[in-house]
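Novice: pasting the sequence and the predicted coordinates here, then a few questions.
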Amino acid sequence: MRRKNLKMALLPSIVLILVLTAVSFPSQAQRSRTFGIVGAHITHRVSADTLPSGVLLARPDSSEAAPEFAAGTWINSDPLTLKGLRGRVVLVEFWTFGCFNCRNTLPAVKRWDARYRDKGLTVVGVHSPETRGERNLDSVRRQVASLAIKYPVVTDNEFESWRAYGVDAWPTIFVVDKEGRIRWMHVGEGAYEQTEQVIQKLLAEDS
């Protein structure tokens, strides 16, 4: 009888562990979203080249144009457009300052900005807020300064850019080639070495 009661007492804890495990570990489909799709919705894979390192990079002939940035307030820069950035590689990161995972990506993103800006890379942070407090422009300005972000940041309070790119998680990174086509994307933390290899490859391409 006591053994039965013990099992019943442990049952809620076992269920909780299973739920947390399901939440904490992304599905294979989520883990595999490291390149591709383009345009308004991320719904299918595109043909890709394999770099010597094994990185899959979408081919130019199967890549569509990246959506233009929606209207917002620009920090650290005058307003930018992808059309005006033609000839440069553009890394677009969707983030928000209260997101722990976003903050974990910042050292890598800031390093790429510092290392490759003069070589033809433009980094743009699209700040799509998760909470009401993250919609406040003064708070965004303070956080950008506090986090020592030097690259351009544009607010996306109405989630227009978020929807145009088909984003569904913070952070999400897109790398756009010199012709304005999305060639690589990654959801979440990690893949820093692969992303840098993509940047280097696209910088070396002829425009």
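Specialist: Sure, I can see it. Numbering: from 1, shown residues only.

Novice: what residues are up against residue 97?
Specialist: If a contact means CB atoms under 8 Å, 6 or more residues apart in numbering, then residue 97 has 103, 127, 134, 139-140, 143-144, 147 as its contacts. From N, CA and C alone the C-beta is placed, and that goes for glycine too.

Novice: ok, residue 119 to residue 88 distance?
Specialist: For residue 119, the distance to residue 88 equals 10 Å [CB to CB, to the nearest Å].

Novice: between the two, which one's more packed in?
Specialist: Set side by side, residue 119 and residue 88 show more neighbours around residue 88, with 20 against 12, by other CB atoms under 10 Å.

Novice: I'd guess residue 92 is in a helix, am I close?
Specialist: No - under the criterion used here (DSSP: H, G, I helix; E, B strand; the rest coil), residue 92 is strand, not part of a helix.

Novice: which residues does it form beta bridges with?
Specialist: Beta bridges link residue 92 to residue 124, residue 174 when assigned by DSSP bridges.

Novice: same check, this time on residue 58
Specialist: residue 48.

Novice: and the gap between it and residue 202?
Specialist: 11 Å.

Novice: overlap in contacts of those two?
Specialist: With CB under 8 Å, 6+ apart, residue 58 and residue 202 have common neighbours residue 183.

Novice: any idea how far residue 62 lies from residue 191?
Specialist: Computed as CB to CB, the residue 62 to residue 191 distance reads 21 Å.

Novice: out of those two, which sits in the more crowded spot?
Specialist: Neighbours were counted for residue 62 and for residue 191 using other CB under 10 Å; residue 191 has more, 20 against 16.

Novice: confidence score at the more buried one?
Specialist: We have a pLDDT of 96 for residue 191.

Novice: and the one 3 residues further on, by the same measure?
Specialist: In the prediction, the pLDDT value recorded for residue 194 is 96.

Novice: secondary structure element holding it?
Specialist: helix 192-204 (DSSP states H and E).

Novice: which strands or helices does that helix pack on?
Specialist: Helices and strands touching helix 192-204, as assessed by 3 or more CB pairs under 8 Å, 6 or more residues apart in numbering; DSSP states H and E, comprise strand 89-95, helix 100-116, strand 172-176, strand 182-187.
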